[in-house]
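> Requesting a structural model of the entry that follows:
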Amino acid sequence: MTIKAIMVDVDGVLIVHPDQRGWTVNLERDLGIPSTQLQSAFFEQHWDDVVHGRAPLRERLTPVLQEHWPEIRCDALIDYWFTNDAHLNHALLAELVSIRNEGTEVHLATVQEHERARYIWDALGLRTRFDGLHYAAELGCSKPAAAFYKSIEARTGFRPNDLFLIDDKLANVQGAIERGWRSALWTGDVTLRSLIAQQE
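Reported below is the predicted structural model:
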C-alpha cells in the first residue's frame, strides 16, 4: 500500500526550539513578562477559543496585555513569539522536499491559530515547499479528535490509508491510527525515510 501524502506536525517536529522550554524561555528578560503569568492570564483562559478559531488572537491577547503589561503592545509580543518560535528542522525539511520531488505530496497538519499559521506558511516560506496546510483554527477542531483527521481527508480527497502522519505526541499518532491513517511518533532520532520504510 503506497503512501500518497505525508502529514507533518509543526511544533516539535518541523519547528523545534533549541531550548526545551520553548519560545518563552527569555520572555521575562527580553520583554518583562513572566512566562508563568502569561500562561495563566492568557493561554489557560483564552487559548482554547483562539486555537479553535472561535476568537481572534489579538481580540483576546490585547486586553490581557493592557491589564497586566500595559507597556507591551500586542504587535510586539506576537512578533517576539513568532520569530522566537521559528526554528526550522532543516534536515527534515530537506527530506520532505526530496520526497515531494519524487511524487509524494507533503502537507502540514497542525494545531495553530490563524495568525501563526499564516506566518508559518508565508513568512517562513513553507508555502512553496508543501502541498497544503491544515490547522485547528481553520478546521474548528484539533488533534487527536477524529474530526481533525476526517476534515483533512475531506479537504484533500485522500482515503485514510493513503495518509501518513508524523507527530511528536503519542495521542495524536494513536488518533490517526484509529482513524485508519498510518502514523509514527517523531523523536528526531531516525530519518523520515526510515519511518516510511516501516510503513510499507
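
> What count of nearby residues applies to Ala184?
Neighbour count for Ala184, taken as other Cβ atoms under 10 Å: 19. Heads up, the C-betas are built off the backbone N, CA and C, glycines and all.

> Just to be sure, it is in a strand?
Yes: counting by DSSP: H, G, I helix; E, B strand; the rest coil, one finds Ala184 located in a strand.

> Look at Ser142 and report its pLDDT.
Predicted confidence (pLDDT) at Ser142: the value is 97.

> Met1 now?
55.

> same thing with Gly103?
95.

> quick one: secondary structure of Lys109?
Careful, residue 109 is Ala; it's not Lys. Assigned by three-state DSSP, the conformation of Ala109 is strand.

> now it, nearest residue through space, not along the chain?
Met7 (3.9 Å; Cβ to Cβ, 6 or more residues apart in numbering).

> show me where pLDDT drops low in this protein?
For the chain, residues meeting the criterion pLDDT under 70 lie at 1.

> contacting residues for the residue nearest to Ala109?
By Cβ atoms under 8 Å, 6 or more residues apart in numbering, the contact list for Met7 reads His107, Leu108, Ala109, His134, Ile152, Leu163, Phe164, Leu165, Ile166, Ala176, Trp181.

> Please report how far it lies from Leu170.
For Met7, the distance to Leu170 equals 16 Å [Cβ to Cβ, to the nearest Å].

> Would you map out the domains in this structure?
For the chain, automatic domain parsing gives the domain ranges 5-16+87-199, 22-84.

> ranking these by burial, who's on top?
domain 5-16+87-199 (a mean of 18; mean count of other Cβ atoms under 10 Å).

> which residue sits closest to Pro34 in space, ignoring its chain neighbours?
Nearest-residue entry for Pro34: Glu28, 4.9 Å, with adjacent residues in sequence omitted and distances by Cβ to Cβ, 6+ apart.

> Keeping just the C-alphas, turn the helix or strand the one you found falls within into PDB.
Using DSSP states H and E, Glu28 maps to helix 27-31. Output in PDB follows, covering the C-alpha atoms of helix 27-31 (Å, rounded to 0.1, in the frame of the first residue of the first chain):
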ATOM      1  CA  LEU A  27      10.500  36.300  27.700                       C
ATOM      2  CA  GLU A  28      10.800  37.900  31.100                       C
ATOM      3  CA  ARG A  29      14.400  39.000  30.400                       C
ATOM      4  CA  ASP A  30      13.500  40.500  27.000                       C
ATOM      5  CA  LEU A  31      10.000  41.900  27.500                       C
END
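
> Show me how far that helix is from its chain's centre.
24 Å (Cα atoms, centre = their mean, to the nearest Å).

> Contacts for that helix, please.
Outside helix 27-31, the residues touching it (Cβ under 8 Å, 6+ apart) are Ile33, Pro34, Ser35, Leu38, Trp69, Ile72, Ala76, Leu77, Tyr80.
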